[in-house]
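>>> Got a predicted model here, sequence first, then my questions.
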Amino acid sequence: MAELSISYSCLSKNGGRDINEDYLDVSIMPERLAFILCDGLGGHGNGDIASQFVTETLKNSLEKSEGLEDSILTAQRGLLQLQRENNAIHSMKTTLTCLTLEKNTAKFGYVGDSRIYCFDKGKYKLRSQDHSVPQMLASRGLIQEEEIRHHEDRSKLLRVMGTEWDVPKYQIVDNIPLSCHLSFLLCSDGFWELIDEKQMVKTLKKSESPQQWLEDMETIILQNGQNTDMDNYSAIAVFLR
């Protein structure tokens, strides 16, 4: 990782909402970089509290050299305790995405429908799979992948932080070899629902920096979001060159 140039940029806006319930942060550690983005569930209440708490707790755990899986569990336990202390077991819920770069590999974990994309040499390589009803339908071949963005059950999530788990509900994608052609995008649903993967790739190929990429994508998001009740939209772009 020392031989690679790693740069990043962050974006988080209210959209058409009074409160921004998205929260993000970056941790630069000697042996590991971590990028975290959470989207609080506004319909449940206190989403802004949940997203900030999970982001900060996860970051603190990672900085204590805990693994990603253990850090997610620490954040989950902490959030459930916070709910109990505030008599808010039916609120304070959030999605979670976290990308770590360590040694020679990238790894990411997630819960909910905020996404992590990976692009290689300017081409779409893979993304996290939403924990949502439309994603489940797409995985079963009942709807097309592109129908997820505007499906009537788009906001129905199957897994979130802040709901009791019988077994861990996070998902991990690891062992992604680091190379000088990789680009990552962490984003909330208010971001990815207004820009498709082809537009992500098109703007990526023209961008010389993560900031330029986010700015070009935001232009598309604002155009597509005109005359709609835009959600908060947030993203972190990471370049390895």
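Alright, I've got the coordinates. Predicted, not measured: the structure shown is a model, and the values here were computed from it.

>>> What is the neighbour count of residue 167?
4 (other Cβ atoms under 10 Å). Using the backbone N, CA and C atoms, a C-beta is placed for each residue, glycine as well.

>>> likewise the one 10 residues further on?
When neighbours are counted by other Cβ under 10 Å, residue 177 registers 9.

>>> same deal with residue 202?
16.

>>> next one: residue 102
18.

>>> Look up how far residue 241 lies from the nearest residue to it once chain neighbours are set aside.
With sequence-adjacent residues excluded and distances taken as Cβ to Cβ, 6 or more residues apart in numbering, residue 102 is closest to residue 32, at 4.2 Å. Per Cβ to Cβ, to the nearest Å, residue 32 is found 19 Å from residue 241.

>>> just residue 167 next, same as before
From residue 167 to residue 241 the distance is 39 Å (Cβ to Cβ).

>>> what sits against the residue nearest to residue 102?
Residues near residue 32 by Cβ atoms under 8 Å, 6 or more residues apart in numbering: 62, 100, 101, 102.

>>> which residues of this structure fall in helices?
47-63, 68-85, 133-139, 189-192, 197-206, 210-224 (DSSP state H).

>>> got the angle for the longest one vs helix 47-63?
This points to helix 68-85. 140 degrees (axes from the mean of the first three to the mean of the last three Cα atoms, to 10 degrees).

>>> which helices and strands does helix 68-85 pack with?
helix 47-63, strand 96-102, strand 105-111 (3 or more Cβ pairs under 8 Å, 6 or more residues apart in numbering; DSSP states H and E).

>>> count of neighbours near residue 161?
Neighbour tally, residue 161, other Cβ under 10 Å: 29.
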